[in-house]
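Chemist: here is the input, now give the coordinates:
(one chain, ligands or ions: 1)
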Amino acid sequence: MARAGHVFEVENPCREAVLAQVTRFDADDVDQAVASARRAFDTGGWPRASATARGRVLLALAAKVREQAGDLARWETRQVGKPIRDAINEVHAAASCFEFYAGAANKVYGHTIPVSAAGLDFTERIPLGVVALIVPWNFPLLIAAWKVAPALAAGNVVLVKPASYTPLTALLLGRLGTEAGLPAGVLTIVPGPGAEVGERLIEDRRVDKVAFTGETTTGTRILQLAAPQIKRVSLELGGKSPTLVFPGVDLDRVAALAVQSAYGNAGQDCCARSRIAVDRDIYDEFVEAFCRHVRALHVGDPEDPATELGPLVSGPHRERVMRHVTRGIADGAELLVGGSTEGLPDRGYYLAPTALGAAEARMDIVREEIFGPVTTIQRFASEQEAIEMANDTVYGLSGSVFSRDGGQALRVARQLRAGVVSVNSIKSVHIEAPFGGFKQSGLGRELGMEAMELYTELRNIFIEVD
Ligand code: NAD
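Modeler: Residues are numbered from 1 along each chain as shown. Predicted coordinates:
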């Protein structure tokens, strides 16, 4: 649809080489994409099809995603730099997401309400219309699926704006959607810069809703742009999530899980537990186990199935992360492990997994989202102090509590100001359960049946009966 000649380059962050050239949408292209999406919603078959029929197409799409899992995972690895074994898991998780919402499509119920007036009162959930889905670069296919699947299941028509670093798997998803039987104009991928393509989508009056995942500062801008039209907005934003470790736990297991959570996807994960707080009596023992597990991580070529940690997504991003580390050390944190590119491949935006101890709440490194393979470790002296440390942030996405005392685990979990809390676990995401943040981590809940509320309007109908 976009005019030829307008392209941007996608880089492989492992090879520091151009991976692909992608058509870059400009204002006119966005205009045409929105016009055809609007037509598809206002006059097309998708919103008018039975929910069961929509579910069938989503199941076919899930099957296509599974069939193409190898290719999708390879492109994901090459554009993000993420380990291939993670990419394969994410592709299958994306397929599972389409399967879940294929089943959810015909289970969106209204209520009958015993009103005082004589008659029948009931509610129904109806599709919103044209929805713009703006996604980030860290889990490009999976986060697109989290939005596309419920939005389509509910009967909307969708436009997906992928991040400019990582448009390739979203484009493949668009093609698979067509092959699976989605009518023309129902799923359109609109690549291009956020400030141009993204903002145009938000400001277009023919777009009924924007669902966004990305940085909190971008989320603020989106809310401002959407405000004049009272446009529906849902936001999944940044995080600075804590892991709390209490005495009595199996420290080796907890350290292994904490490492996995902090350095998975090279720490470029909104749910990464990038702040660890440990009871002071077990601090030294935990730090020793944690650093041992960090040193054992296999850092290398993300296309090698043994690799656990690949490069960061770009050169400028690595520089930003390194500046945080330098600042943290200057502020008085103790470099426990990593902190450099020494011993890593020459080519590729690698950074050794890094941990900073003796961290304090006043330090920027404890307060700001770094979005790289960097963790801070703090000490606490009491349960109350642990809770205060965990909540001392503008974010509130996720958190983990490790304790062998069931009462303590539940007591602490229920005081965390976060949307997703795990006890003796680092799992944050379940397709079947709601996901989202408190405070500046977001607005609304994705996944689970709750996501169907994000993509529908609620209508109340009263029928008078004599
Ligand atoms: P980003 O905010 O820079 O970009 C996200 C998307 O928004 C991209 O597609 C980008 O092109 C677009 N965009 C940028 N500026 C825009 C604008 N002015 N108007 C409209 N669209 C615009 O975020 P990122 O760097 O791609 O992703 C990393 C961030 O995402 C981190 O802060 C991370 O915590 C967050 N994130 C949150 C979740 C969650 O579920 N809460 C999940 C993954 C990532």
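Chemist: return the set of buried residues in the helix or strand that residue 104 is a member of.
Modeler: With elements taken from DSSP states H and E, the one containing residue 104 is helix 84-104. Buried residues in helix 84-104, counted by 16 or more other C-beta atoms under 10 Å: 84-88, 90-102, 104. Where C-beta positions appear, they are placed from N, C-alpha and C, glycine not excepted.
Chemist: summarise which helices and strands that helix is packed against.
Modeler: In terms of contacts (3 or more C-beta pairs under 8 Å, 6 or more residues apart in numbering; DSSP states H and E), helix 84-104 is packed against helix 51-67, helix 69-80, helix 140-153.
Chemist: is it possible to get JSON lines of those helices that adds mean neighbour count?
Modeler: Output for the helices and strands packed on helix 84-104, formatted as JSON lines (neighbours: other C-beta atoms under 10 Å):
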{"stretch": "helix 51-67", "mean neighbour count": "19"}
{"stretch": "helix 69-80", "mean neighbour count": "22"}
{"stretch": "helix 140-153", "mean neighbour count": "28"}
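Chemist: which one of those lies nearest to residue 336?
Modeler: Closest of the helices and strands packed on helix 84-104 to residue 336 is helix 69-80, at 27.0 Å (criterion: C-beta to C-beta).
Chemist: can the closest one be said to contact the ligand?
Modeler: No - no part of helix 69-80 sits close enough to the ligand to count as contact by C-beta under 6 Å from any ligand atom; the gap is at least 10.7 Å.
Chemist: contact residues of the stretch 101-250 of the chain facing the ligand?
Modeler: Taking C-beta under 6 Å from any ligand atom as the criterion, the neighbours of the ligand within the stretch 101-250 of the chain are 134-138, 143, 161-164, 194-195, 198-199, 213-215, 218, 221-222, 236-239.
Chemist: now which of the residues you listed would you call buried?
Modeler: Neighbour-count burial (16+ other C-beta under 10 Å) is assigned, among these, to 134-138, 143, 161-164, 194, 198-199, 213-214, 218, 221-222, 236-239.
Chemist: among those, which are located in strands?
Modeler: The subset of these located in strands under the criterion DSSP state E comprises 134, 161, 213, 236.
Chemist: can you tell me the closest non-neighbouring residue to the second one?
Modeler: Okay, so that is residue 161. Of all residues beyond its chain neighbours, the one nearest residue 161 is residue 134 (4.6 Å), with distances taken as C-beta to C-beta, 6 or more residues apart in numbering.
Chemist: surely the one you found and residue 215 touch.
Modeler: No - applying C-beta atoms under 8 Å, one finds residue 134 not in contact with residue 215, separated by 11.3 Å.
Chemist: what residues are up against the residue of the stretch 1-150 of the chain found nearest the ligand?
Modeler: For the stretch 1-150 of the chain, the nearest residue to the ligand under the criterion C-beta to the nearest ligand atom is residue 136, separated by 3.1 Å. With contacts taken as C-beta atoms under 8 Å, 6 or more residues apart in numbering, residue 136 has the following neighbours: 143, 163, 213-215.
Chemist: what's the answer for residue 146, then?
Modeler: Neighbours of residue 146 in contact, by C-beta under 8 Å, 6+ apart: 97, 435, 446-447, 451.
Chemist: out of the residues you listed, which is nearest to residue 151?
Modeler: Out of these, the one with the shortest distance to residue 151 is residue 451. That distance is 8.4 Å, counting by C-beta to C-beta.
Chemist: gap between the residue of the stretch 1-150 of the chain closest to the ligand and residue 286?
Modeler: 31 Å (C-beta to C-beta, to the nearest Å).
Chemist: cool, and residue 409?
Modeler: According to C-beta to C-beta, residue 409 stands 17 Å off from residue 286.
Chemist: one more: residue 370?
Modeler: Summarising the geometry, the distance separating residue 370 from residue 286, computed by C-beta to C-beta, is 21 Å.
Chemist: show the contacting residues for the residue lying closest to residue 213 once chain neighbours are set aside.
Modeler: What sits nearest to residue 213 in space, not counting adjacent residues and going by C-beta to C-beta, 6+ apart, is residue 236, at 4.1 Å. If you count contacts by C-beta under 8 Å, 6+ apart, residue 236 has them with 143, 212-214, 270, 435-437, 441-442, 444, 446.
Chemist: OK, contacts around the residue positioned nearest the centre of the chain?
Modeler: Most central in the chain under C-alpha atoms, centre = their mean is residue 143, positioned 5.2 Å from the mean C-alpha point. Residue 143 makes contacts with 135-136, 213, 236, as judged by C-beta under 8 Å, 6+ apart.
Chemist: ok, 6 Å please
Modeler: With contact taken as C-beta atoms under 6 Å, 6 or more residues apart in numbering, residue 143 is in contact with 135, 213.
Chemist: many thanks, we can stop here.
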